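Asker: give the three-dimensional model of this entry:
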Amino acid sequence: MTRSARLCVVLALVLAPAVPPPVSAGAGTPCPVEQASEELAQVGQAMFSWLVDQVGTLRFPLSVEPYFTCDNGGVSVDLYPVITHAALEALLEPDYIAEVPELDPWGNPYEYRLDTAAAGGRLLAIRSAGSDGVWEGTTYAAGATAVDSEDLVWADGVYMRFAPRLDPTSRQELTSEQLRVIGTAFLSWLVDQVSDPAAASAAGGAAIVGAPRGTYDLGILTELTHAEARGLLIPSPSFYYIRCLPELDGWGRPLEFRLADNIFGAQVVSIRSAGSDGVLEGTVYEPGSFPPDDDASDLVWADGFYVRWFDGPRSGIFADDFETGGTWGTWSTCSE
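Answerer: Below you'll find the predicted structure:
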């Protein structure tokens, strides 16, 4: 198989549909925090797409909508040039997005920031001042908000300030999203490696194949530390495959990263979580789903596919809609 053919195979893996994580129980409901968070990510995706068309050499995460935060040293929005709503409309509508919202769900203006020249590692940021309409400053540590009056911040493909996701369903969904987004970043990294003649020669030039059917054994892959994985996916502030790499899953336990010594082998990369009980089930898995109420089961993603995933939403989860001040931070899904 030629190198170009191998690259096509890897691109097919990057673009292949994976088993999608279930939709949140409250998805689409008129909860202001949820609506604002979704709008931040939607406009951010459009801004990224515009930048890519302007700067052909730009590297950015293939998936820029993850609903999670991770400690990336925080962010100062002062590092991003402000762009007016009218100027952003002129750039994005209608080719990149149907409409750029001017006001957040509380009726306060969104703040948009965009480096149109893509001159540095800081490209774009969007934020909402929350229910009180008052900015908390311009520098934010990554993490969850505590009340709906706190600022929501999305920057360069990841939420820096986002509503907490503390209930079992949201922890499980969050972890599934982490696996998918990190996996997409690893596949993008792989595309660059197999396009490199030196890397191909060092690996022996064997062809990459799709995810195997039947038993999947993670034991043949080498475990990476978080620092090692981060070094591959974030080689520099201005060139990265993921904006920040989470270390912990939705239950606050370490994610596991594995990579083949020979990246041209049949099995190449995996990411997994031990679930709510924190106990891994071994290294050998039969691909398939498990009931969503079984949050102790391992979640496993490998080579472009979910190997172990939860199937379907939970029913009758919570009565609270996560938008009432007295119980804020208890649940993180909105009810119908």
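
Asker: apart from its chain neighbours, what residue comes closest to I234?
Answerer: Y240 (4.4 Å; CB to CB, 6 or more residues apart in numbering). Placement of C-beta: from N, CA and C, glycine included.

Asker: now that neighbour: phi and psi?
Answerer: phi -150, psi 160 (degrees, to the nearest 10).

Asker: my guess is it contacts R230, does it?
Answerer: No - applying CB atoms under 8 Å as the test, Y240 and R230 come out as separate, 9.6 Å apart.

Asker: T139 and V75, how far apart?
Answerer: 7 Å (CB to CB, to the nearest Å).

Asker: okay, these two: which has more neighbours?
Answerer: Between T139 and V75, counted using other CB atoms under 10 Å, V75 has the larger neighbour count: 25 against 11.

Asker: okay, and the beta partners of that one?
Answerer: Beta-bridge pairing for V75 (DSSP bridges): Y140.

Asker: how about the strands in the stretch 1-150 of the chain?
Answerer: Secondary structure of the stretch 1-150 of the chain (DSSP state E, counting those that start in this stretch): strands at 75-76, 82-83, 111-114, 124-128, 139-140, 143-144.

Asker: tell me the most buried of the ones you listed?
Answerer: strand 124-128 (a mean of 26; mean count of other CB atoms under 10 Å).

Asker: listing partners with orientation, what would you give for that strand?
Answerer: When DSSP bridges is applied, strand 124-128 pairs with strand 111-114 (antiparallel), strand 152-155 (antiparallel).

Asker: quick one: that strand to chain centroid distance?
Answerer: 17 Å (CA atoms, centre = their mean, to the nearest Å).

Asker: export that strand to CSV, keeping only CA atoms.
Answerer: The C-alpha trace of strand 124-128 is given here as CSV (Å, rounded to 0.1, in the frame of the first residue of the first chain):
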residue,chain,number,x,y,z
LEU,A,124,-10.7,33.5,19.6
ALA,A,125,-12.8,33.8,22.8
ILE,A,126,-16.5,34.3,23.5
ARG,A,127,-18.1,35.0,26.8
SER,A,128,-21.4,35.8,28.5
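
Asker: re earlier: mind checking which of Y240 and R230 has more residues around it?
Answerer: Ranked by neighbour count (other CB under 10 Å), Y240 and R230 place Y240 first, with 22 against 18.

Asker: against D132, how distant is that one?
Answerer: Taken as CB to CB, the span from Y240 to D132 is 34 Å.

Asker: picking that back up, looking at the strands paired with strand 124-128, which is closest to S236?
Answerer: strand 152-155 (17.2 Å; CB to CB).

Asker: avg pLDDT for the longest helix seen in the chain?
Answerer: Longest helix of the chain, by residue count under DSSP state H: helix 168-194. The average pLDDT for helix 168-194 rounds to 87.

Asker: go on, stretch 86-104?
Answerer: 97.

Asker: neighbouring contacts of that stretch?
Answerer: 32, 36, 39, 42-43, 46-47, 49-50, 85, 109-110, 112, 114, 116, 128-129 (CB atoms under 8 Å, 6 or more residues apart in numbering).

Asker: okay, and which of the residues you listed map to helices?
Answerer: Using DSSP H, the contacts of stretch 86-104 in helices are 32, 36, 39, 42-43, 46-47, 49-50, 85.

Asker: out of those residues, which end up buried?
Answerer: 32, 36, 39, 42-43, 46-47, 49-50 (16 or more other CB atoms under 10 Å).

Asker: in JSON lines, list these along with distance to P164.
Answerer: Shown next, in JSON lines, are those (distance: CB to CB, whole Å):
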{"residue": "P32", "distance to P164": "15"}
{"residue": "A36", "distance to P164": "15"}
{"residue": "E39", "distance to P164": "19"}
{"residue": "Q42", "distance to P164": "21"}
{"residue": "V43", "distance to P164": "23"}
{"residue": "A46", "distance to P164": "27"}
{"residue": "M47", "distance to P164": "26"}
{"residue": "S49", "distance to P164": "29"}
{"residue": "W50", "distance to P164": "31"}
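
Asker: nothing else from me, thank you.
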